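[1] generate coordinates for the sequence data below:
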Amino acid sequence: MATDRKDKESNSQSLWLYDLELDKGMILCCKPVNEKKYFSGDIRCDFHPRWNPSGNKICFDAVDTETGTRQMHLVEFVNS
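    Alright, predicted model coming up:
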């Protein structure tokens, strides 16, 4: 399962990959949230992670720290 988590103390939001069978999770990425307005209200930015049909990518929306605009981000899993 892919999910997100907000941490208001550190002003960050993270993308998690969670194994329901093992009851364990791991952080895939963590992005700072520079403006508190993105934590709640009408313009909040939740990651809303979604898997692609092949199950090897997760896309999510987040505020870009350089431009302050909402952008789509992609995590791709590769076999090594």
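[2] got the contact list for stretch 28-36?
    For stretch 28-36, the external contacting residues (Cβ atoms under 8 Å, 6 or more residues apart in numbering) are 2, 6, 8, 11-17, 39, 45, 58, 62-63, 65, 68, 73, 75. No exception for glycine: its C-beta is placed from N, CA and C like everyone else's.
[3] which residue sits closest to Q71 in space, ignoring its chain neighbours?
    Distance criterion Cβ to Cβ, 6 or more residues apart in numbering; nearest residue to Q71, sequence neighbours excluded, is D64 at 4.6 Å.
[4] how much space between that neighbour and H73?
    D64 sits at a distance of 9 Å from H73 (criterion: Cβ to Cβ, to the nearest Å).
[5] any idea how far the helix or strand where C30 lies is from the chain center?
    For C30, the host element (DSSP states H and E) is strand 24-32. In terms of Cα atoms, centre = their mean, to the nearest Å, the centre of strand 24-32 is set 7 Å apart from its chain centre.
[6] what pairs with it, parallel or antiparallel?
    strand 12-19 (antiparallel) (DSSP bridges).
[7] quick one, helices of this protein?
    Using DSSP state H, no helices are found in the chain.
[8] pick out the residue closest to the middle of it.
    L15 (3.5 Å; Cα atoms, centre = their mean).
[9] confirm for me that it is in contact with V75.
    Yes. At 6.8 Å, L15 counts as touching V75 under the criterion of Cβ atoms under 8 Å.
[10] overlap in contacts, those two.
    Jointly contacting L15 and V75 under the rule Cβ under 8 Å, 6+ apart are L28, C29, I58, F60.
[11] derive a PyMOL selection command for the buried subset of these.
    Buried members of the shared contacts of L15 and V75, defined by 16 or more other Cβ atoms under 10 Å, are picked up in PyMOL with:
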select buried, resi 28+58+60
